[in-house]
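K.L.:
only geometry, no sequence info:
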């Protein structure tokens, strides 16, 4: 192990993001309801939101691969930064859950 702190940060964050895929799966299944209204499949924002939602597994897999390659190349700060890319999807969902629970 090159750097134990970075190693465990990468490992724990990627395990947590991997566990988040179970929540993402249900969110992704419900995301087809964006197109429930007639004509909504022709609107830009619902289509964009649907595509961004379904890109989570791609971003997760790419961030895992790239962060471990960067870790191997001794670029620790960049590896951690790339490993945190799935937060772009995780944080909004948790904010919505917290907001829904408080109201």
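P.N.:
Received the coordinates, thanks. Computed from a predicted structure; not experimentally measured.
K.L.:
which residues touch residue 27?
P.N.:
Listed by CB atoms under 8 Å, 6 or more residues apart in numbering, the contact partners of residue 27 are 53, 93. To be clear about C-beta, it is placed using only N, CA and C from the backbone, and glycine gets the same treatment.
K.L.:
Tell me the secondary structure at it.
P.N.:
Here residue 27 takes the helix state, with states given by DSSP: H, G, I helix; E, B strand; the rest coil.
K.L.:
now swap in residue 78 and tell me
P.N.:
For residue 78, the secondary structure call by three-state DSSP comes out as helix.
K.L.:
Could you look up the SS state of the nearest residue to it once chain neighbours are set aside?
P.N.:
Nearest non-adjacent residue to residue 78, counting by CB to CB, 6 or more residues apart in numbering: residue 70, 5.1 Å away. Put simply, residue 70 is helix when judged by three-state DSSP.
K.L.:
How many neighbouring residues does residue 70 have?
P.N.:
If you count neighbours by other CB atoms under 10 Å, residue 70 ends up with 20.
K.L.:
Report the contact partners of it.
P.N.:
So residue 70 contacts 76, 78, 79, 82 (CB under 8 Å, 6+ apart).
K.L.:
measure it to residue 58 for me?
P.N.:
Residue 70 sits at a distance of 18 Å from residue 58 (criterion: CB to CB, to the nearest Å).
K.L.:
Next: residue 71.
P.N.:
Taken as CB to CB, the span from residue 71 to residue 58 is 20 Å.
K.L.:
What of residue 97?
P.N.:
According to CB to CB, residue 97 stands 23 Å off from residue 58.
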